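>>> fold the following, please.
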Amino acid sequence: MTQHGHGAVAPAEHQAGVLSRDRVTWSVFAKPWADLSGAQLGSLVSDIGFAGVEIPVRPNSFVTPQRVEARLPEFVAQLNDSGVVPISVAADLTEPTFAACQASGVPTIRVMAPIEADGYIASVARFRAQLQQSARWARQYGVKVGVQPHHGRYVASTAQVLDLLDGLPHADFTLIWDAAHDALAGDDPTLTLEIAAPRLDIVNLKNAVYRQLPPEPGHESAGRTRTQWRSWFVEGADGLSDWSTVMTQLRARNYAGPVCLSAQYTEPDGPLTEVVARDLALARRLYESAAAPA
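As a prediction, the model looks like this:
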């Protein structure tokens with residue numbers, strides 16, 4: 001299976017029966033199934049309806065940071081046997097990871113920028129230095145670094161990520177836009193997808209709301225100075241992000257890269273494969289019904 005370049009314009013020709021929805025590569029983050037082999041994962045996600053996967057490279061995953069060079073190529077080959085392509089890995093910026101991605105045909109390493117105890121300015125400066133250090137590996141191995149916003153103690157908005165990346169080569173350092181974290185930041189996708197466009201590599205699709213936390217035990221009558229809230233990840237139709245607007249923006253901008261569902265739900269209503277299948281069906285319906293590019 002040939003994967004379109006991230007953010008590129010898809011070819012005009014389509015195989016018989018293939019709808020315009022396939023201008024994007026419908027993908028899923030494999031974190032919930034991190035212990036599966038490539039063959040097992042490829043079979044599972046292709047049965048759901050996905051054509052692409054983001055692979056976690058973490059200590060508790062089938063592909064670990066210590067064994068990434070040995071395991072990732074075989075893992076990806078097994079995915080390919082199921083007709084599934086790797087769109088990215090969620091991993092640290094180490095030279096073995098870059099080398100393994102090159103050997104496997106994985107185009108992007110996804111990272112997030114944490115805010116540590118010494119504050120925003122110091123944390124951003126430190127993370128940018130890490131990006132600058134990894135630039136030589138990005139060039140050497142031809143693998144991009146994609147930075148994703150994340151609410152909480154991270155660089156949290158599209159605008160902040162773009163500021164972090166300012167001055168770094170567009171070919172090597174990209175932005176991974178995230179529907180849920182965009183909404184949790186209080187942003188408008190019609191604006192953030194516009195400013196993201198020059199660096200846009202992958203669109204993450206999940207949804208969330210804020211839920212009020214109950215009073216801590218023993219504090220019910222003491223009174224709190226403010227209400228406490230937490231993020232709560234829900235199905236696509238139920239959250240703060242308007243997926244219909246997101247899909248309209250992607251169609252209007254002729255986006256043809258990966259759209260990656262994160263399969264993240266705080267309390268899934270049923271088996272995870274069924275819940276994420278519902279969200280995939282919703283996303284496809286919204287994409288197909290969105291206004292076509294002029």
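>>> CA only for contacts and neighbour counts going forward, please
Fine.
>>> please, where are all the helices along the stretch 1-150 of the chain?
38-48, 68-81, 95-104, 120-141 (DSSP state H, counting those that start in this stretch).
>>> and the third one, how far out from the chain middle?
Centre-to-centre, helix 95-104 and its host chain are 19 Å apart (C-alpha atoms, centre = their mean, to the nearest Å).
>>> next: the last one.
Between the mean C-alpha point of helix 120-141 and the mean C-alpha point of its chain there is a distance of 20 Å (C-alpha atoms, centre = their mean).
>>> buried residues in it?
123, 124, 126, 127, 128, 131, 132, 134, 135, 137, 138, 141 (16 or more other C-alpha atoms under 10 Å).
>>> low-scoring stretches of the stretch 101-250 of the chain, by residue?
Along the stretch 101-250 of the chain, the model assigns pLDDT under 70 to residues 217-225.
>>> quick check: residue 236 vs residue 152, distance?
To residue 152, residue 236 is 21 Å away according to C-alpha to C-alpha, to the nearest Å.
>>> for residue 267, what are phi and psi?
phi -140, psi 80 (degrees, to the nearest 10).
>>> separation between it and residue 58?
23 Å.
>>> which of those two has more neighbours?
Legend: neighbour count by other C-alpha atoms under 10 Å for residue 267 and residue 58, higher for residue 58 (18 against 11).
>>> contact partners for that one?
For residue 58, the contacting residues are 64, 65, 90, 91, by C-alpha atoms under 8 Å, 6 or more residues apart in numbering.
>>> ok, now residue 282?
Applying C-alpha under 8 Å, 6+ apart to residue 282 gives the contacts 236, 237.
>>> what about the spatially most central residue of the chain, which SS state?
Closest residue to the average C-alpha location of the chain: residue 204 at 3.8 Å, with C-alpha atoms, centre = their mean. Three-state call for residue 204 (DSSP: H, G, I helix; E, B strand; the rest coil): strand.
>>> that one is in contact with residue 264, isn't it?
No - counting by C-alpha atoms under 8 Å, residue 204 sits too far from residue 264 to count as a contact (11.1 Å).
>>> what strand or helix carries residue 176?
Per DSSP states H and E: residue 176 is located in strand 173-178.
>>> could I get the CA-only coordinates of the next helix or strand after that strand as CSV?
Moving toward the C-terminus from strand 173-178, the next helix or strand (DSSP H and E) is helix 179-184. Output of helix 179-184 as CSV, limited to C-alpha atoms (Å, rounded to 0.1, in the frame of the first residue of the first chain):
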residue,chain,number,x,y,z
ALA,A,179,-8.5,18.1,18.2
ALA,A,180,-9.1,17.3,21.9
HIS,A,181,-6.1,19.3,23.2
ASP,A,182,-7.0,22.2,20.9
ALA,A,183,-10.5,22.3,22.4
LEU,A,184,-9.2,21.9,26.0
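>>> great, nothing more from me.
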